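J.: Provided below for reference: sequence and predicted model.
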Amino acid sequence: MIKASQNTKSTAVDNNQLSTVMRSMDVDQWKYLVSRISNPTTAKIIVEYLDSDPTAKLQFAGIYVRARETVQRSRIRYAKAKQWGERLARLMSWISTSATKLRQRQSVAVDQNTLRKETPNQQPLIWPVLNVNI
């Protein structure tokens, strides 16, 4: 019986030490995550974790708000970049279409010029000579 109580005391001490070690590891991990909260991927992970645990969300409300802000800024940045990309794509499409039309016009003009030069029935222009006897 004495041995059983000693084993119980030693496991209780071991559990308390383990709990203390785990808490310090959690604090270190939270410090690491919070130091990277400006990274949108890390912020999204923090938000998802805190959304799944309401008590932790209340406990770390400041971290949650900062992480949500980072996620929102990332979404806005992505939307603006997408909008500019679409505008650039439309501009490039317009330039490509305009260049194609211009090339077609130039090839038609070149074809018409070659057709004019190759017509054999056309007489060369000659200036008439006036005989003026004074």
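T.: Sure, I can see it. Small disclaimer: the values here were computed from a predicted structure and weren't measured.
J.: Got the domain ranges for the chain?
T.: The record's domain split for the chain, according to automatic domain parsing, is 7-36, 38-100.
J.: okay, those, which one's buried deepest?
T.: The densest packing among the domains of the chain, expressed as mean neighbour count by mean count of other C-beta atoms under 10 Å, is seen in domain 38-100 with a mean of 13. C-beta here means a position set from N, CA and C on the backbone, and glycine is covered the same way.
J.: Quick one: the domains of the chain as JSON lines, columns for distance to V129 and mean pLDDT too.
T.: Written out in JSON lines, the entries for the domains of the chain read as follows (distance: least, C-beta to C-beta, whole Å; pLDDT from 0 to 100):
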{"stretch": "domain 7-36", "distance to V129": "95", "mean pLDDT": "67"}
{"stretch": "domain 38-100", "distance to V129": "50", "mean pLDDT": "92"}
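J.: Check which helices and strands the longest helix anywhere in the chain sits against.
T.: Longest helix in the chain, counting residues (DSSP state H): helix 61-118. Using 3 or more C-beta pairs under 8 Å, 6 or more residues apart in numbering; DSSP states H and E as the contact definition, the elements that helix 61-118 packs against are helix 2-35, helix 40-52.
J.: what's the angle between the last one and helix 61-118?
T.: Put plainly, it is helix 40-52. Taking axes from the mean of the first three to the mean of the last three C-alpha atoms, to 10 degrees, one finds helix 40-52 and helix 61-118 inclined to each other by 140 degrees.
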